[in-house]
Structures are given as structure tokens and as C-alpha cells.
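K.L.:
Next one to model:
(2 chains)
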There are 2 protein chains.
Amino acid sequence: MSTKSASKAAPHVSPLAPASIPDVPGIEGVRIATAQAGIKYAGRTDLLVMVFDEPVAVAGVLTTSKCASAPVEVCRQNLSGGRARALIVNSGNANAFTGKNGRESTRATAEATAAAVGCKPDEVFLASTGVIGEPLDAKKFTHLLGGLVKEASAERWRDAADAIMTTDTYPKLLTRTASIDGVEVRINGIAKGAGMIAPDMATMLSFLATDAPISSAALQAMLKEAVAPSFNSTTIDGDTSTSDTLLFFATGRAEARGCPAISDGSDPRLSDFRSALCDLCLQLARQVARDGEGARKEIVVTVEGAQSDASAKRIAMSIANSPLVKTAVAGEDANWGRVVMAVGKAGEPADRDRLAISFGEVRVAFEGERDPDYAEAAASAVMKRDTIEIKVDIGLADGCWTVYTCDLTKDYVAINGDYRS
Amino acid sequence: MSTKSASKAAPHVSPLAPASIPDVPGIEGVRIATAQAGIKYAGRTDLLVMVFDEPVAVAGVLTTSKCASAPVEVCRQNLSGGRARALIVNSGNANAFTGKNGRESTRATAEATAAAVGCKPDEVFLASTGVIGEPLDAKKFTHLLGGLVKEASAERWRDAADAIMTTDTYPKLLTRTASIDGVEVRINGIAKGAGMIAPDMATMLSFLATDAPISSAALQAMLKEAVAPSFNSTTIDGDTSTSDTLLFFATGRAEARGCPAISDGSDPRLSDFRSALCDLCLQLARQVARDGEGARKEIVVTVEGAQSDASAKRIAMSIANSPLVKTAVAGEDANWGRVVMAVGKAGEPADRDRLAISFGEVRVAFEGERDPDYAEAAASAVMKRDTIEIKVDIGLADGCWTVYTCDLTKDYVAINGDYRS
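P.N.:
The predicted structure is shown next:
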């Protein structure tokens, strides 16, 4: 996360951006408004308010950083209540490592929001993203809250995704439908990246909402399950943020349309919903990876045949976080020796002489040496693609995992280096 | 390690190179020769032979990679004998992940060297550095060995350091003297970097020799102790090599000058020698960090007040391997919020509200927020230096550690990206 230099970054859009940003319909019970509060950025929105006119169920996963931001602490506390009436998010300042001032800022924000909505401060959820260590002056936006809560409307999910961006080059929003006991419900989600991304519970910021009548306990169970193979399997630079926050709100409005209220996350009637949620999280997480700072290629690393799934994930992360693997992909260089290196350094069970490595459908290494049929041209052709699939078979057992990352380009260094000199 | 593109790298020398490469006198009992074998590079030496006319004591530490190279396996095996008669090193090909072919290559090399020297193959130590996964044809150089062993002479340490370079921009060699029981002995050392450096037992390649009469067991004990705060506290890109090899040879020739033979590493008469060895290792390791691929600044990260030394080291490594910290230093940006992030993600005991952070002598953060006396100008002035000292006080206990790294620049990406596209 490098908002400090965001204004200097080239105004380009990631070559991996979707062809068009999808239209996302509203979720019953959710109203949205955004504003230009001028917290840091000029000429763009930087404040998001999401209002729930009735209390909604809420679940969340938060950063495991030992230096978590002030709003993360507020969310952690408020999640125990399981009820939400509002979400307020700003970009441009992370309100992290801001000490007493930071706590004062979150308190003032929650109180002002509660007053505008007509609820208790502990029903207000907060998130902030941007530069770390600079005091966040809540007065910059608390006077706007009354008006925003009034004007908020259902159809503004695109605005919401826009307002939370920092160095993202495109807004990330998706919608899915699922059937619960024959009733169609909807899940919407937004997310933002684009650096300091190596989520240890969730990505920088992502917010989901559904109209399904699902309890906070059931939501929490499903969210935790969905996060493991999606956000928590994404890395841009191995740098876990102080502010990672994923919140999921369920308004329950579909109950009026006959959808049964469900309080148990393992209820079999949730199977389609669970699939939709997992898919939504995975696609949002991939969008974050595809918009990594400076990214020109997506890298999908799959490790099979490891001692366990956890072991496969650690090996896959070792590959996905290797600067040498990432720069090789940036250079369209099928440098599989660096994949060998990354397997070797992972510290997980591996037998060099059983390893097989493929780039796309081209197997480049087999049984501990270069594949006898290796042809540089075939591997190089794979490297020209937008998405580079690296598959490693450890050859020991059945553990497997997939992680998502992007290449490391000079633009990442430029975006984050500021180059004052 | 990115020899693949070494020839494309700008022929510049690191701005952090020493003003002059030191003259290093010979070590009695060590003869050196180098050659242009044309293994990969043109117009430069790429083969080093070190000959010990009498058997010498040898100690070593090797990579912990699960995908260790063929020569690393040979060294691991031969170290159990504790005796050496020759060392042979090539650059341009790592002979790693080369399967049966790799083992055949090391066998042929050891046998040819043994024949030239007149010793057993298991008294020959091998190391290779360069591209991973390409078969190394020993025939490219075995015919040269007879001549090299004959012509080898004592004063050629500079030639040795030159021959083992890959993307290094300057040769790394140092000499120290120490007194053992009133007799002066000498330690020489050479090392090479410059990418794939996050040693887990030793750096890519480093070779030390002394004329002191010290047993292999005593050498091993001292070497292990010296490696922890030096090579094992160095990182360039967090990418641990398949080939890390540090070998230390003791010829014992100083015994003729009255130096006592010592077989116990904890012998108090070794205290000055131990200090000299630690200093030599530390300065060689720092030279490796200062010549990291693309480096323009050295970063020295010191963590104090951690729960333990091990905890301090893990936090320091989290900072030193953070792409966001490294790019900020490249941009001369006193972005201490990224240091907070790296402390937070390390997973070690830390209390955000006790943290203090300094850049050089400028304290930028204190008790969990920006230092009340923080002045951007003072911090920015520190960032213009060649060596950036980052000090973090965790404020919990007495654990401390220092690690050495370099900044992350566009040149790192260029050197390793190849940019075929």
C-alpha cells in the first residue's frame, strides 16, 4: 500500500483488468453513499458509507498483524456483537500506528456515524486504508455523515468500489446469486489492493453483503472457509498489511421472499450459497492479484503431491513470493531453476529427485532434472500469456494448494520507490 | 543468482564498492590458479583451483535447501573426513537440479583433480555457481587441471575472487591477522553474491583459509559461531540458493613458526583468532549485501528489546526482506510506516504501543505513534546516506540482532527480468 506515491504513478490501467467493470445490482437492506472528503486525494471520492436501515448480521476476518490499525481494533471488538448498522471506510490514510490520536479518531467517527444513522456506536464498523503513521483527522469528514446517510441508495456499489481504491488501477466488484431452499439470494462484494498484500486473514479491504437471512455465527463459519483458498492464498509482495479487513453483512431481507432463516453454518441448504461465496471471494482475490502494483502478468502457482495441504501452501507461497521467480515472469523468461530454488528454500518436505515442474502445459523438469523433451521455444511461448500457470509436483503425497500472485516489474519499484533522489 | 542475464547487466560497479580492492598476501600451504574455461562467460576467468600440497583441516557450512546442488552434496560427504587437498570452483553453471548428469559431472571433476594433485577424490572439494538446471559438462575444464595444479601460486587471491563472480560487480576478498599464543597467523577470505542471497547456512560461495594449525573440529565450531551474525544475517532478496557453500581450510603451516596446534574450538588461546574470523566473515557478508543486484544503498537493520535474540532476528529479517521497505530506501523515502508493517507481520511478540523506530540517529516513531519531535527534513537527510541504519526497539525484553541487506531498485528487476518481451 503506497498511497504516498499514488499520485505519481502512471495513470495506466493494469493490462489484466477485466474488459468491463460489471454492473452490480443492489442488495435489499443496503444503502450506499460516497463523498470527496479530501483526506489525501484530490478530485476523487475517498469516503464510503454503507447504511443498514435495520440491524444486520455481520462476520469478519481481520489482519493478524501485531501492529493492527485502530479501525481493525474497533472491528475486532464490535464483531463480538454480531450486529451492524453502518460501515464507514476512508482511503488515503490507514489510521495505523497513530496511538491515542488514532483511537480518538475512530471514536469520533463511530459516534458521528451512529448519530447520523440512529444507532449505537458499537454497531458501526470502520476501515481505513492509505499511508501508515499519519494522524487521521475525523473532522475532515464527520460533518458530511448526516447528508450521506440521507442520500444513500441501493444501486451504488460501483461508487463504493471506487471510493476505497488507493493504488488500484481499476475498481473491484462482483455479484453472485445462489439458491437457498429454492429462493434466490444475492451476494455482492467489493475489494481493494494493490500493494502490501499478503493477507493473513483477509486482503487489505473487502466488503461483502447478502440479502440472505443467515446468522452472524453461520456467516463467520462460511467466511472463514471461503477466505482460506482465496484472499489468504493471494500475495503481491509478501507484505502483510496493518489493516486487512474483510467484512460480510447479511441483511436477511430475502426472508420476506420465503427464504428460510439459517443459523447453522453447516446447514445443507447453504451448499449453493457456500459455493457462490467461495467463488466470489476467489474471483475478488484474483482481481486483487491481477491489479498488484506494476503487474503485467498474473501467476497461478499450484503445488501438488506435497506432504499435506498446509505444506503445499507453504511451498506455493515460497514460489509466489520469490523476487527471482516474479522478475523472471516479468521478463517472460521460463527460468524454472528459480522455481527449484523456491521449492528448496521453503523448508518443507521435498525430494529433489522426484520433482516435476510445468509452465502451463509444458513440463520443463521431471525427476530432478530438465525434462528430456524440454524445448525452450514451447516454454517461452507459454510465458507470453497474461496468466502464467506454474505447477509443481512434489511427488511425495497428496497435499495440494493454489496461490495467486503477479509479476515483479520495474513499475512496482517506481510506484513504491518514490525516487525522491 | 541470475547469470543468465549477467552479460546484459550494465557494466557498472556498485556505488557501495570499496574504494580499492585490497592486496591480500598468500597463505602458506595454499596455491591458487584460475582459467578461462568458457563454461558460460567469454573473456573472463570462470575456473578456480586451490591446491594444498599437504592435507589440510577443513570445516564448512552448506545450504539447507531441499534442492541442494550436486557439488553441495559432495562437500557434505567429504566434510566428514575433515581433510582437504584441493578445491575446485566454477562460475556460469550451478550444476544444480541436474540429476544423474550432475553427479557424473562432480565425479569426473573430483577424479581429474585428484589425479592432477595426487590425492584421493574425497579430498577434493567442489563448488559451482551460475544457472540452475543446465547440465555441466566437466570436459570443458578437466583437461586444464594438470596445468593449473602445476602453475598454481600463493599470491593469487585476487584472481580467485575474480573467477568466482557471477553478477557481482566487484571481487570480494579480505585478509586478517590474529595472534595465537603470541604467534601471528593469517586468515584470508573470498566471497561472491549477488542475487539469490538469503543464506541459510552460508552465502552463495565463500572460501577462507588460514595457516593456523587448528583441527577440523575446532574450525567447524568457530565457523558455525562466526556464520550466525554474518553470512546468516545477510539477505538480498530472501531467495535462498541451492548452492550456498562456505569452506574454511587450515594449512597449519604456522606451526613451524611456533604456533601451537589446537584441536579444541573453545581453547582460550583462540580468542583473538575467533574475533578475527568473526570480523572477516561479517565484512565479507556486508560486501555481499553491498553488491546485491541493483543495490545503491546498504541497509543495516538492528532490532533491540525483543523477546529473544531469535525473535529479534526474525523481526529484523521481516524488515530486511520487505519489498516495500527496500523500495522506500531506494527512493530515499523515510517511510517508517512500512517498518511498522514489517514488524507487525513478523508474527513475533511485539506491542505496537511500545515500539520505537529510528532511521540513523533520527527517532521517527515512539510509543506506538509518530515521534512528537519528528521532522521530515531530518529523516530525509539520513536517507541520502550510502548506508541506512534502521533501528527498532520492541520494548519488551533484551533480545537483539542485526541483519544486513540492500535496497530494491529497478536495476534488480532489470538484471533478473531479462525482459525478453
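K.L.:
Any figure for the gap between the closest residue in space to A:G81 that isn't next to it in sequence and B:Q283?
P.N.:
Spatial nearest neighbour of A:G81, chain neighbours left out: A:D122 (5.9 Å); criterion: Cβ to Cβ, 6 or more residues apart in numbering or on different chains. Quick note: C-beta positions are derived from backbone N, CA and C, even for glycine. Distance, A:D122 to B:Q283, by Cβ to Cβ, to the nearest Å: 57 Å.
K.L.:
Same question for A:D239.
P.N.:
30 Å.
K.L.:
quick one: which of these two has more around it?
P.N.:
A:D239 (24 against 17; other Cβ atoms under 10 Å in any protein chain shown).
K.L.:
Would you mind confirming that the more buried one is in contact with B:P323?
P.N.:
Yes - shown here, A:D239 and B:P323 form a contact pair, counting by Cβ atoms under 8 Å, at 6.4 Å.
K.L.:
Wasn't A:L145 part of a helix?
P.N.:
Yes - applying DSSP: H, G, I helix; E, B strand; the rest coil, one finds A:L145 inside a helix.
K.L.:
Just to check, it is in contact with A:V49?
P.N.:
Yes - in this structure A:L145 lies within contact range of A:V49 using Cβ under 8 Å: 6.7 Å.
K.L.:
list residues touching both of those two?
P.N.:
Taking Cβ atoms under 8 Å, 6 or more residues apart in numbering or on different chains as the criterion, A:L145 and A:V49 both touch A:88, A:113.
K.L.:
Those two: which is more packed in?
P.N.:
Neighbours were counted for A:L145 and for A:V49 using other Cβ under 10 Å; A:V49 has more, 27 against 23.
K.L.:
so the more buried one bridges to which residues?
P.N.:
A:A33, A:I88 (DSSP bridges).
K.L.:
quick one, phi psi at the residue of chain A most remote from its centre?
P.N.:
Distance from the centre of chain A peaks at A:P372, with 40.3 Å (Cα atoms, centre = their mean). The phi/psi pair for A:P372 (degrees, to the nearest 10) reads phi -60, psi -30.
K.L.:
And the one 5 residues further on, by the same measure?
P.N.:
The phi and psi torsions at A:A377 (degrees, to the nearest 10) take the values phi -60, psi -40.
K.L.:
Check the one 4 residues further on too.
P.N.:
With angles defined as degrees, to the nearest 10, A:A381 shows backbone torsions of phi -60, psi -40.
K.L.:
Kindly state the pLDDT recorded for it?
P.N.:
Here the pLDDT value assigned to A:A381 is 95.
K.L.:
number of nearby residues for it?
P.N.:
15.
K.L.:
What is the end-to-end distance of stretch A:93-107?
P.N.:
16 Å (Cα to Cα, to the nearest Å).
K.L.:
Flag every buried residue along it.
P.N.:
Buried residues in stretch A:93-107, defined by neighbour count with 16 or more other Cβ atoms under 10 Å in any protein chain shown: A:93-99, A:102, A:105-106.
K.L.:
Quick check: strands, which of those residues are part of them?
P.N.:
A:N93 (DSSP state E).
K.L.:
In the stretch 151-300 of chain A, where is pLDDT below threshold?
P.N.:
Scanning the stretch 151-300 of chain A for pLDDT under 70 picks out A:200-203.
K.L.:
For it, what lies in contact range of chain B?
P.N.:
Neighbours of chain B within the stretch 151-300 of chain A, by Cβ under 8 Å from any Cβ of the partner chain: A:195-196, A:198, A:200, A:237-242.
K.L.:
Kindly indicate which of the buried residues of stretch A:93-107 lies nearest chain B.
P.N.:
A:G99 (3.2 Å; Cβ to the nearest Cβ).
K.L.:
Return the per-residue confidence for that closest one.
P.N.:
At A:G99, the pLDDT value in this model is 90.
K.L.:
Tell me the spatial nearest neighbour of it, not counting adjacent residues.
P.N.:
B:E369 (3.2 Å).
K.L.:
who's the one you found bridged to?
P.N.:
Under the criterion used (DSSP bridges), B:E369 bridges to B:F366.
K.L.:
give me every residue that touches A:R44.
P.N.:
A:36, A:162.
K.L.:
Shouldn't it be within a strand?
P.N.:
No - counting by three-state DSSP, A:R44 falls outside a strand, being coil.
K.L.:
Against B:V392, how distant is it?
P.N.:
Relative to B:V392, and taking Cβ to Cβ, A:R44 is found at 34 Å.
K.L.:
hang on, A:R274 is in a strand, isn't it?
P.N.:
No - per three-state DSSP, A:R274 lies outside any strand segment and is helix.
K.L.:
Contact partners for the residue lying closest to it once chain neighbours are set aside?
P.N.:
Once flanking residues are discounted, A:R274 sits nearest to A:M222: 5.5 Å by Cβ to Cβ, 6+ apart. A:M222 makes contact with A:59, A:214, A:265, A:270, A:273-274, A:277, according to Cβ under 8 Å, 6+ apart.
K.L.:
So A:V227 sits against A:L280, correct?
P.N.:
No - assessed by Cβ under 8 Å, A:V227 is found out of contact with A:L280, at 11.4 Å.
K.L.:
State the distance from the residue farthest from the centre of chain A to A:K384.
P.N.:
24 Å.
K.L.:
A:K384: neighbouring residues, count only.
P.N.:
11.
K.L.:
Let's see the pLDDT reported for it.
P.N.:
95.
K.L.:
Which residue, neighbours along the chain excluded, lies closest to it?
P.N.:
A:K384's closest residue in space is A:E332 (Cβ to Cβ, 6+ apart), at 5.9 Å.
K.L.:
burial count for that neighbour?
P.N.:
The burial count for A:E332: 22, using other Cβ under 10 Å.
K.L.:
That one touches A:S380, doesn't it?
P.N.:
Yes - look at A:E332 against A:S380 with Cβ under 8 Å: they come within range, at 7.0 Å.
K.L.:
What ranges does the stretch 51-200 of chain A have for its strands?
P.N.:
A:83-93, A:124-131, A:172-180, A:183-192 (DSSP state E, counting those that start in this stretch).
K.L.:
Are stretch A:12-30 and chain B in contact anywhere?
P.N.:
No - using Cβ under 8 Å from any Cβ, stretch A:12-30 stays clear of chain B, with a minimum separation of 11.6 Å.
K.L.:
average pLDDT across that stretch?
P.N.:
90.
K.L.:
that older thread, I figured the residue farthest from the centre of chain A hits A:R363, correct?
P.N.:
No - with contact defined as Cβ under 8 Å, A:P372 does not count as touching A:R363 (9.9 Å).
K.L.:
any idea how far B:V72 is from A:L396?
P.N.:
Applying Cβ to Cβ to A:L396 and B:V72 gives a distance of 21 Å.
K.L.:
So between these two, which is more surrounded?
P.N.:
Neighbour totals were compared for A:L396 and B:V72, and B:V72 leads with 27 against 18 (other Cβ under 10 Å).
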